[in-house]
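Q: 3D model of this:
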Amino acid sequence: MRILLLSTADTDLLAARASGADYRVGNPARIEPAELPDLLDGVDLAVVRLLGGRRAWEQGLAAVLGSGIPAVCLGGEATPDAELMAASTVPAGVAAEALRYLVAGGPDNLAELACFLSDTLLLTGKGFAPPAPTPEFGVHRSAGTDDGIDDAGIDDERPTVGIVFYRAHALAGNTAFVDTLSDAVRAAGADPLAVYCGSLRGLDGEQADGLRTLLSRCDALVATVLAAGGATAGGAGGTATSSPGGGIGDDDSWDAGVLAELDVPVVQGLCLTASRAAWEASDAALSPMDAAMQVAIPEFDGRLVSVPFSFKEPTPGDDDAIPVYVADPERAARVAGTAVSLARLRHVAAADRRLAVVLSAYPTKHSRVGNAVGLDTPASGVVLLRALAALSEPPAREHGRLVDLLGLSGCTDDAGYTDVFLFQLFPYASV
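A: Here you go, the predicted structure:
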């Protein structure tokens, strides 16, 4: 019996390939309509899992359903997609159980999914086990190392940098990029703590406490997961997208998850959806999706956006052409260096810290210092200095320097930022 698994999550495909079951796999995002007949030829049933719902692949889904092959149609989230499940040509209970196997994830569950579908739809009598639950979070240990929160080998005198990545990567064995980043953190003088998780929000109380405790020893974090922000009542399964029923515009619904509660710097390490060659060749560098999901939205979560360090590359000699995450060691060292520096800074007394507030200067009208599109940079600088003072960071005592460096006597059009006005806002404003 051969099953065609079409999923927009490459981690599903990697787990299926590692399961040992007879799967033919493909990602709808990379399948041309003309390729579908060959993919469908010789298979006994099809499982289609789409992130974004039916509209994400209408033409392809129609071709699968029109083939006459039994089809299980599922959404890419952890909760059922009613429209897709209704499109399935198998009983609703079978589709719901198939989703449970995929949500649990990993090669073992994908092997049992194949047996389950074979027995329930083709009556083969192989026997199958129910979906085996997998931990919502845990520690990933690089091969040949003693990484781990319970290991006595970790030096408490060295800073600890946490690396947070998706559980699906751990289950699928797609962890080489995490290992490369861990090596870079270690080389920069800190202990890495690589933690996988299925969600940064939506955890129950006990799970959230456990993840919080696990990460609480970290002095800084590198998040490779996409932004956690989104509608609290919305997206399921900790995906990076918000559900249509969410309320992104509603401040009360914005939730940055467990990471925000740790009160440590969180660096966003960019894992691009393109290959390194495509990234280097592009004048824009980042695709619109990567720019939105890995730069713009993480900033709302309060993360410090770093640089791309991992790219999606095809595995050499892989007939299925399933891309895996491949880290660039030099770029990983850049991300690690930033995180380790911030981790060390956390142990420096406030009186000994030397912080710089850098204001932008673009060659626009008057080459104004502190000019930024859509932002009121001078006022933001003042607010930032006030926040630092509230945190006991000792401000300099020469309030006039900020005014002078902003060039208020000709480099800005805002006459409201006078010497007296800024002094009233923050009596010790300086850089």
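
Q: let me see the ranges of the helices in the stretch 201-350 of the chain.
A: Per DSSP state H, counting those that start in this stretch, the stretch 201-350 of the chain carries helices over the ranges 205-215, 257-261, 276-281, 288-291, 297-300, 329-345.

Q: er, the stretch 1-150 of the chain actually
A: Using DSSP H, counting those that start in this stretch, helices in the stretch 1-150 of the chain cover 10-19, 36-40, 58-65, 82-87, 92-104, 107-122.

Q: out of the ones you listed, nearest to Val267?
A: Closest approach to Val267 among those is made by helix 10-19 (23.1 Å; Cβ to Cβ). Placement of C-beta: from N, CA and C, glycine included.

Q: contacting residues for Gly162?
A: Gly162 makes contact with Pro192, Leu193, Ala194, Val195, Leu215, Cys218, Ala220, Leu221, Val222, according to Cβ atoms under 8 Å, 6 or more residues apart in numbering.

Q: in the sheet, who's paired with it?
A: Residues in a beta bridge with Gly162, per DSSP bridges, are Leu193, Leu221.

Q: now the helices of the stretch 201-350 of the chain as JSON lines including mean pLDDT and mean neighbour count?
A: What follows is the helices of the stretch 201-350 of the chain, written out as JSON lines (pLDDT from 0 to 100; neighbours: other Cβ atoms under 10 Å):
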{"stretch": "helix 205-215", "mean pLDDT": "86", "mean neighbour count": "15"}
{"stretch": "helix 257-261", "mean pLDDT": "74", "mean neighbour count": "20"}
{"stretch": "helix 276-281", "mean pLDDT": "92", "mean neighbour count": "13"}
{"stretch": "helix 288-291", "mean pLDDT": "89", "mean neighbour count": "14"}
{"stretch": "helix 297-300", "mean pLDDT": "82", "mean neighbour count": "18"}
{"stretch": "helix 329-345", "mean pLDDT": "97", "mean neighbour count": "20"}
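
Q: turn the ones you listed into TSV, including distance to Gln268.
A: Shown next, in TSV, are those (distance: least, Cβ to Cβ, whole Å):
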stretch	distance to Gln268
helix 205-215	16
helix 257-261	10
helix 276-281	16
helix 288-291	11
helix 297-300	4
helix 329-345	9
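
Q: identify the residue spatially nearest to Thr89, adjacent ones excluded.
A: Distances taken as Cβ to Cβ, 6 or more residues apart in numbering place Ala71 nearest to Thr89, at 4.9 Å, with adjacent residues excluded.

Q: touching, the one you found and Ala62? I think so.
A: No. Counting by Cβ atoms under 8 Å, Ala71 stays clear of Ala62, with 10.8 Å between them.

Q: between the two, which has more neighbouring residues?
A: Between Ala71 and Ala62, Ala71 has the larger neighbour count (other Cβ atoms under 10 Å), namely 21 against 13.

Q: dump the residue contacts of the more buried one.
A: Ala71 neighbours (Cβ under 8 Å, 6+ apart): Leu45, Ala46, Val47, Val48, Val64, Leu65, Ala87, Ser88, Thr89, Val90.

Q: change it to 7 Å
A: Ala46, Val48, Val64, Leu65, Ser88, Thr89 (Cβ atoms under 7 Å, 6 or more residues apart in numbering).

Q: where is the longest strand in the chain?
A: The longest strand of the chain (DSSP state E) is strand 304-314.

Q: could you check the angle it makes with helix 329-345?
A: 150 degrees (axes from the mean of the first three to the mean of the last three Cα atoms, to 10 degrees).

Q: name every strand pairing with strand 304-314 and say which way it goes.
A: In the sheet containing strand 304-314, its partner strands are strand 266-271 (parallel), strand 323-327 (antiparallel), by DSSP bridges.

Q: give me the number of residues near Asp204?
A: Residues near Asp204, counting by other Cβ under 10 Å, number 9.

Q: distance of it from Gly210?
A: Here Asp204 is placed at a distance of 10 Å from Gly210 (Cβ to Cβ, to the nearest Å).

Q: ok, for Ile94, nearest residue in space, not its chain neighbours?
A: Not Ile; residue 94 is Val. Of all residues not flanking Val94 in the chain, Thr120 sits nearest, at 5.4 Å (Cβ to Cβ, 6+ apart).

Q: distance between the ends of stretch 64-77?
A: Its start and end residues considered, stretch 64-77 measures 21 Å (Cα to Cα, to the nearest Å).

Q: in that stretch, what's buried?
A: Buried residues in stretch 64-77, counted by 16 or more other Cβ atoms under 10 Å: Val64, Leu65, Ser67, Pro70, Ala71, Val72, Cys73, Leu74, Gly75, Gly76, Glu77.

Q: so what's the gap between it and the chain middle?
A: Centroid separation between stretch 64-77 and its chain, computed with Cα atoms, centre = their mean, to the nearest Å, is 28 Å.

Q: how about stretch 100-112?
A: Distance of stretch 100-112 from its chain centroid, counting by Cα atoms, centre = their mean, is 22 Å.

Q: cool, stretch 4-18 as well?
A: Worked out by Cα atoms, centre = their mean, stretch 4-18 lies 19 Å from the chain centre.

Q: before we move on, what about stretch 165-175?
A: A distance of 12 Å separates the centroid of the chain from that of stretch 165-175, by Cα atoms, centre = their mean.

Q: what sits up against that stretch?
A: Under Cβ under 7 Å, 6+ apart, the answer for stretch 165-175 is 9, 11, 14-15, 18, 105-106, 134, 137, 140, 178, 194, 196-198, 224-225, 324-325.

Q: same question, stretch 126-146
A: The contact list for stretch 126-146 (Cβ under 7 Å, 6+ apart) reads 100-101, 104-106, 108-109, 112, 115-116, 118-119, 147-149, 153, 167, 170-171, 175, 178-179, 182, 193-199, 203, 207, 210-211, 214.

Q: before I go, just wanted to say thanks for your time.
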